[in-house]
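Peer 1: Got a predicted model here, sequence first, then my questions.
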Amino acid sequence: MRAVNIVGYKNTGKTTLCLSVIEELKRLRLDPAALKFTHQDGLDKTGTDTARLLEASGAAAAIGGGETAVFWKRRGFMADLLPMLGREMLVVEGGKGLGVMPRVVIASGAAEARELGAGEGGLAIAVHGPEGVHGVPAVTDPAELAGIIANRAFLLPGLDCGGCGRNDCRELAVEIVAGKATPSDCVAAGGEISVETGGVPLPLNPFVARILKAGIQAMLGELKGYAPGETTIRLKR
């Protein structure tokens, strides 16, 4: 999965821009999903039977004629939701603290753009506004913006394991945006052993990967017909 983060201050049109970008990504056949960060506790279920069930149980799901939703009465983690979304591209609205993907910043000017991560040492690949910043272009056309996203989107696992030689994932993400590194430099997302769940790679820090690899190889070594080399194991739900 690849992703882009669309950020801006309150009431700057983040949702409107996300909707436009999603439509353009669909035209590019990239099958996008959306994820929204919000400070609103009630989300969009206030006053519904689902809300009452959630209050009573702490976790509730709803299945309708044409949609499905899951709610937990706690703040979750983005990584827990990705396997359930199951899409090639993710458009994330809000979440200015995220440091695992490139971002498009909505800004009224260069100073505001820099505050939101545009410019040297930042994560922005485009500014949706009148002014670009230090090589980050100002782009107002959703189709052009979708093209930039299609070419430059990525998603790091957020483990901050240090396996790539950086202090954390954000440091690597900044280098990727600057063209000084690539997503393949993340060893947690593409090491000697890989695990996918629901089509989404499950990140493994180097220590866990070594333990898992050694354990699997040791067990397989006891089976007749096993030979060293690339091995595929599939677990069906």
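Peer 2: Alright, I've got the coordinates. Residues are numbered from 1 along each chain as shown.
Peer 1: from here on, contacts and neighbour counts on C-alpha atoms
Peer 2: Fine.
Peer 1: quick one: low-confidence parts of this protein?
Peer 2: Across the chain, the ranges flagged by pLDDT under 70 are 41, 190-192, 198-200, 237.
Peer 1: Now stretch 91-106: buried residues?
Peer 2: 91-94, 96, 98-106 (16 or more other CA atoms under 10 Å).
Peer 1: Find the pair from those with maximum spatial separation.
Peer 2: Every pair in the buried residues of stretch 91-106 was compared (CA to CA); the two farthest apart turn out to be Val100 and Ile106, at 18.5 Å.
Peer 1: returning to that earlier point: show me the buried residues of stretch 91-106 that map onto strands.
Peer 2: Secondary-structure check on those using DSSP state E: residues within strands are Val91, Val92, Glu93, Arg103, Val104, Val105, Ile106.
Peer 1: What residues are bridge-paired with the fifth one?
Peer 2: With beta bridges defined as DSSP bridges, Val104 has these partners: Ile6, Ala126.
Peer 1: who's in contact with it?
Peer 2: Applying CA atoms under 8 Å, 6 or more residues apart in numbering, we find Val104 in contact with Val4, Asn5, Ile6, Val7, Ala124, Ile125, Ala126, Val127, His128.
Peer 1: Apply 7 Å and report the result again.
Peer 2: Contacts for Val104 (CA atoms under 7 Å, 6 or more residues apart in numbering) come out as Asn5, Ile6, Val7, Ala124, Ile125, Ala126, Val127, His128.
Peer 1: check contacts around the last one.
Peer 2: Applying CA under 7 Å, 6+ apart, one finds that His128 lies in contact with Val104, Val105, Ile106, Ala107, Ala138, Val139, Thr140.
Peer 1: close enough to count as contact, the third one and Val7?
Peer 2: Yes: here Ile106 lies in contact with Val7, judged by CA atoms under 7 Å, at a distance of 6.2 Å.
Peer 1: in the chain, which spans are strands?
Peer 2: For the chain, strands defined by DSSP E occupy the ranges 2-7, 32-36, 59-63, 68-72, 89-93, 103-106, 124-128, 195-197, 200-202.
Peer 1: Reformat those strands as JSON lines; add distance to Leu19.
Peer 2: Compiled in JSON lines, these are given as follows (distance: least, CA to CA, whole Å):
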{"stretch": "strand 2-7", "distance to Leu19": "11"}
{"stretch": "strand 32-36", "distance to Leu19": "9"}
{"stretch": "strand 59-63", "distance to Leu19": "24"}
{"stretch": "strand 68-72", "distance to Leu19": "20"}
{"stretch": "strand 89-93", "distance to Leu19": "9"}
{"stretch": "strand 103-106", "distance to Leu19": "14"}
{"stretch": "strand 124-128", "distance to Leu19": "14"}
{"stretch": "strand 195-197", "distance to Leu19": "27"}
{"stretch": "strand 200-202", "distance to Leu19": "23"}
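Peer 1: Right, I'll call it a day here.
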